[in-house]
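**Student:** Model the structure of this input:
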Amino acid sequence: MIHGFENEKWYIEYPSCRYTPGNMRQESDKRAIQIAETSSKIMLSLSGGVDSQSMLLSFLEQDIPVESAFLYLPGYNDHEYKNLKFIERKYGIKTHIIDIDPFKYKDEMEEEAEKYDIQINSILQKKFLSFLPEDYDFIQMVHDPYVHINREGDPFWFQGYNSFEMVRQRAFDLLPRSGKVIFYGDTSEFLVSILDEETLWSCIHSWQYFKGNGLTKPNSSYVFLDTTDRWDYYIKPLIYGKYWKDELTYFPKSAGFENIPFLLTPLKMRDRSFMTELRPFVDFLKSCNGENKRYYEMLPRPATSS
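**Tutor:** Here you go, the predicted model:
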């Protein structure tokens, strides 16, 4: 997506789709082909979770040459490392293991995070990228859709300068590299394959169930499942299960960062952000009318509830 500043206001611009999108798996396969058309050296960020597995499969099943890298924090994400080894055996691949002691770089990362106003978790990801070949195109699956639901149950698309993918991009941009950084889900077609998915809308309609039951997530200082957590813990695995079935391995949700307190600084999500009604937004993306729509920070917001 195109984003930047105009008259000191942050904005993001979405193009309408170039074609009528398919389902999430179809768009994943198309995305791999699109990347291969312009990239000769591809490095996937492979955590072993369903996001990175689905991305890996789209390259492997279409015989697209690809390498992978794993961020290993010994003593903190050993469970992910074990999962990765299982994935390596399953798909017959060999992953580059980047071994980082986060406390070795703690002061450096905290200083950078403060200087550039970037969440420290993304600064760690930048450190990870700095150890990889600079001429490779580096690919991460970052597409956690933030659908906000107000007190009346109306869904809104939310995005902002401090949203997860925006912060991650700003961190990566600090590195001088000849290779590109590519967010796999960063196309209008891929976004529609998620936002127009019936599973997502089923969970939107049943939002009171999630909120009313006070569902929580483990090993976190954040108690209740907010909107993005509902995607991670409930909606996402159901969509993957629908289209990938048992081709993926569904390890429990856990990243290892929960055990490193200084990495858990919260995102300033509501700073420099906007919301717009979800259904009209999706309809615009699906229009395939060749137009772009620009949204600016600080637009009027609906009442908050979730």
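**Student:** hey, where'd the strands end up in the stretch 201-306 of the chain?
**Tutor:** Using DSSP state E, counting those that start in this stretch, the strands of the stretch 201-306 of the chain run over 273-277, 292-296.
**Student:** cool, the stretch 51-200 of the chain as well?
**Tutor:** 67-72, 96-99, 137-140, 147-149, 155-160, 181-183.
**Student:** And those, which one averages the lowest pLDDT?
**Tutor:** Mean pLDDT across the strands of the stretch 51-200 of the chain is lowest at strand 147-149; the value there is a mean of 87.
**Student:** Show me what that strand packs onto, helices and strands only.
**Tutor:** Contacts defined by 3 or more CB pairs under 8 Å, 6 or more residues apart in numbering; DSSP states H and E place strand 147-149 against strand 155-160, helix 198-205, helix 227-230. Bear in mind the C-beta positions are built from the backbone N, C-alpha and C, glycine included.
**Student:** can you give me the helices for the stretch 1-150 of the chain?
**Tutor:** With DSSP state H, counting those that start in this stretch as the criterion, the stretch 1-150 of the chain has helices at 24-38, 50-60, 78-91, 106-116, 120-130.
**Student:** Figure out which of the ones you listed is closest to M298.
**Tutor:** If you check each of those against M298 by CB to CB, helix 106-116 wins as the nearest, at 21.6 Å.
**Student:** what bits of the stretch 201-306 of the chain have low per-residue confidence?
**Tutor:** Counting by pLDDT under 70, the stretch 201-306 of the chain has low-confidence residues at 214-229, 254-258, 299-306.
**Student:** now the helices for it?
**Tutor:** Using DSSP H, counting those that start in this stretch, helices in the stretch 201-306 of the chain cover 207-212, 227-230, 236-244, 278-286.
**Student:** Run a quick neighbour tally on the closest residue to S58 other than its chain neighbours.
**Tutor:** Distance criterion CB to CB, 6 or more residues apart in numbering; nearest residue to S58, sequence neighbours excluded, is A32 at 3.9 Å. Burial of A32 is recorded as 24 neighbouring residues (other CB atoms under 10 Å).
**Student:** wait, A32 sits on I64?
**Tutor:** Yes - if you go by CB atoms under 8 Å, A32 and I64 touch, sitting 5.7 Å apart.
**Student:** so who does R272 touch?
**Tutor:** By CB atoms under 8 Å, 6 or more residues apart in numbering, R272 lies in contact with 10, 160-162, 297-298.
**Student:** same deal with L57?
**Tutor:** So L57 contacts 28, 91, 244, 247-248 (CB under 8 Å, 6+ apart).
**Student:** quick one: it from S68, how far?
**Tutor:** According to CB to CB, to the nearest Å, L57 stands 12 Å off from S68.
**Student:** now could you export just the CA positions of stretch 100-118 as CSV?
**Tutor:** C-alpha atoms of stretch 100-118 as CSV (Å, rounded to 0.1, in the frame of the first residue of the first chain):
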residue,chain,number,x,y,z
ILE,A,100,20.2,-13.8,18.5
ASP,A,101,20.5,-13.2,22.3
PRO,A,102,18.0,-10.3,22.7
PHE,A,103,19.6,-9.1,25.9
LYS,A,104,23.0,-8.7,24.2
TYR,A,105,21.3,-6.0,22.0
LYS,A,106,18.8,-4.7,24.6
ASP,A,107,20.4,-1.2,25.1
GLU,A,108,21.0,-0.8,21.4
MET,A,109,17.4,-1.8,20.5
GLU,A,110,15.8,0.3,23.2
GLU,A,111,17.8,3.4,22.0
GLU,A,112,16.7,2.8,18.4
ALA,A,113,13.1,2.2,19.4
GLU,A,114,13.0,5.5,21.3
LYS,A,115,14.9,7.4,18.6
TYR,A,116,12.6,6.3,15.7
ASP,A,117,9.4,5.8,17.8
ILE,A,118,9.2,2.2,16.7
